[in-house]
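Chemist: all I have is the shape, not the residue letters:
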């Protein structure tokens with residue numbers, strides 16, 4: 001009976017040691033997950049964009065002492081860029097690869113046809129914004145570029 005228990009325990013240890021952690025490329029990879037609002041008012045509303053990431057060498061976050069940014073969000077209508085940061089993510093376990101989700105809050109920009117001070121323009125047509133997002137890790141590796149679902153920008 002002791003030999004059977006020992007054999008089963010040994011088999012479990014062997015099987016468990018064969019399980020390998022996922023292997024991700026050293027370049028971050030991101031994928032669009034969701035956006036909270038499909039319509040926003042110019043210069044007033046915000047929307048939350050969530051995307052997932054993987055990074056094979058686990059250096060996607062920035063240390064608290066680093067004032068830099070590592071997320072670039074671009075309004076494709078104008079090329080205007082807004083910058084965010086993924087904070088430092090401590091290594092867990094022996095594998096360096098990490099994955100997770102990030103949510104950022106983006107402020108609505110001005111409509112292209114709005115008056116000079118970005119105030120509502122009576123009768124102005126709504127505009128469609130498509131944001132793109134790219135992430136850079138500490139080693140300077142850039143992720144793929146993702147497009148967020150279109151957002152309608154209310155101008156009046």
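Modeler: Perfect, thanks for sending it. Every value quoted in this text rests on a predicted model; they were computed, and no experiment measured them. Numbering: from 1, shown residues only.

Chemist: what segments of this structure are strands?
Modeler: Along the chain, counting by DSSP state E, strands occupy 29-35, 39-41, 46-55, 71-75, 81-84, 98-107, 127-129, 131-135, 146-147, 151-154.

Chemist: can you list the low-confidence ranges for this protein?
Modeler: Along the chain, the parts satisfying pLDDT under 70 run over 1-22, 91-95, 114-115.

Chemist: residue closest to the middle of this protein?
Modeler: residue 51 (3.9 Å; C-alpha atoms, centre = their mean).

Chemist: quick one: it and residue 90, what's the gap?
Modeler: Remark: distance between residue 51 and residue 90 (C-beta to C-beta, to the nearest Å) = 21 Å. C-beta here means a position set from N, CA and C on the backbone, and glycine is covered the same way.

Chemist: residue 23: which of the strands of the chain is closest?
Modeler: strand 46-55 (9.9 Å; C-beta to C-beta).

Chemist: show me which residues of the closest one are buried.
Modeler: 47, 49, 51, 53, 54, 55 (16 or more other C-beta atoms under 10 Å).

Chemist: done for today, thanks.
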